[in-house]
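**Q** Sequence first, predicted coordinates after that:
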Amino acid sequence: MNEKTESKNTLDRLYLLVSALFIVLSVVMFYYFSSEPLVVRVIGILLAFGISLAIFLKTILGKEAWLFTLDTRTEIRKVVWPTRAETMQTTTIVFIVVIIAAIFLWLFDMMLLWCVRLLTGQGG
């Protein structure tokens, strides 16, 4: 059983290596064929990325990543999104708090400036 696991790990590593090399090769070929029309090169690189993704999904890591993606989509569907009214109320509250904080900090800065001028003898 251990030999079977090791051979599977080796095969997975080989698939990952081939997938990565396919991406690198596609980028190199994109620039190598710079004299070709851009549309052809973009289609070629998208095709290469698709093939690389198909190879990646054959590995254990790829299968786990795909399952994670499916689980993430399921969790996103469970999220209770706020209504437009709730969003507007929250945004308004944030703006009001920011304005109050800005006024408070401005007044505090003016007070500190007044104190520094008084201590240094520059103020009236």
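**A** Structure's in. What do you need? Keep in mind the model is a prediction, meaning the values are calculated, not measured.
**Q** low-confidence ranges in this protein?
**A** Along the chain, segments meeting pLDDT under 70 span 1-7, 123-124.
**Q** can you do 90?
**A** 1-12, 22, 61, 121-124 (pLDDT under 90).
**Q** Kindly report the domain assignment for it.
**A** 2-78, 82-124 (automatic domain parsing).
**Q** Centre of the chain to the longest one, how far?
**A** Average the C-alpha atoms of domain 2-78, do the same for its chain, and the two points are 18 Å apart (CA atoms, centre = their mean, to the nearest Å).
**Q** and if you look at the last one?
**A** When C-alpha coordinates are averaged (CA atoms, centre = their mean), domain 82-124 and its chain have centres 33 Å apart.
**Q** hmm, back to that, would TSV of the domains of the chain with mean neighbour count be doable?
**A** Just so you know, the C-beta spots here come from the backbone N, C-alpha and C atoms, and that holds for glycine as well. Below are those laid out as TSV (neighbours: other CB atoms under 10 Å):
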stretch	mean neighbour count
domain 2-78	12
domain 82-124	10
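**Q** That's all I had, so thanks and see you.
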